[in-house]
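> output the structure for:
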Amino acid sequence: MPRRSIRCSDRRGKPRVATVHINRPSALAKTGRAAEALPHLETAAKLDPSLSVDVSGARAIAELGLHNPDGAIADFQQVLKARPSASAWNDLGSAYSSKNDFANAERAYREAIRLGPKSYDARMNLGAMLSRAGRNDAALAEIREAARVAPDSVEPRVTWR
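Numbering: from 1, shown residues only. All right, here's what the predicted structure looks like:
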């Protein structure tokens, strides 16, 4: 039996699968084109309302790219209500850290580490934030712990030299 491809776009070439409208904005936001991501996310929300948590997470990343940490924080909090995870807490910490709200950033990073004790990214982000807050001894301890949980990573060794 021949294989048939599944068309993911309408006759004008516009994607009609909601996940396409979520995955593309994540890539756009990570390549400095966050403003282009938002219309895709609106389309994804309309195509499949059950993906609202995924849309919120992708929109939060785009908001960070647009230097709107308050919008990102609101979206990350929606994600955390529905699906708490170490990754989502780490992302929330990054949003708080980007606006120099070190107390909330630290709480979020520590929750990420509590949920994922081997979370390299959360430890490195916490270390960087603590350093920016002038707490260099605590920062160094977190960076050393990041090196312990990810011994093949070069970043912690470069950071503490």
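> from here on, just use CA atoms for contacts and neighbour counts.
OK.
> what helix or strand does the residue most central in space within the chain sit in?
Centroid check for the chain by C-alpha atoms, centre = their mean gives D91 as the closest residue, at 4.3 Å. When elements are assigned from DSSP states H and E, D91 belongs to helix 86-98.
> thinking again about what came up before, and the pLDDT for the residue nearest to the residue nearest to the centre of the chain when sequence neighbours are not counted?
Nearest-residue entry for D91: F76, 7.2 Å, with adjacent residues in sequence omitted and distances by C-alpha to C-alpha, 6 or more residues apart in numbering. In the predicted model, F76 carries a pLDDT score of 97.
> repeat that for Y109.
The score at Y109 is 98. That number is its pLDDT.
> number the residues from 33 up from this point.
Shifting the count to begin at 33 puts that one at Y141.
> contact partners of the helix or strand containing it?
Y141 belongs to helix 134-147 when assigned by DSSP H and E. Defining contact as C-alpha atoms under 8 Å, 6 or more residues apart in numbering, one finds that helix 134-147 is touched by 117-122, 124-129, 151, 154-155, 157-158, 161-162, 165.
> may I see the ChimeraX selection of the buried members of these?
If you want just the buried ones from the contacts of helix 134-147 in ChimeraX, going by 16 or more other C-alpha atoms under 10 Å, the selection is:
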select :117,118,119,120,121,122,124,125,126,127,128,129,151,154,155,157,158,161,162
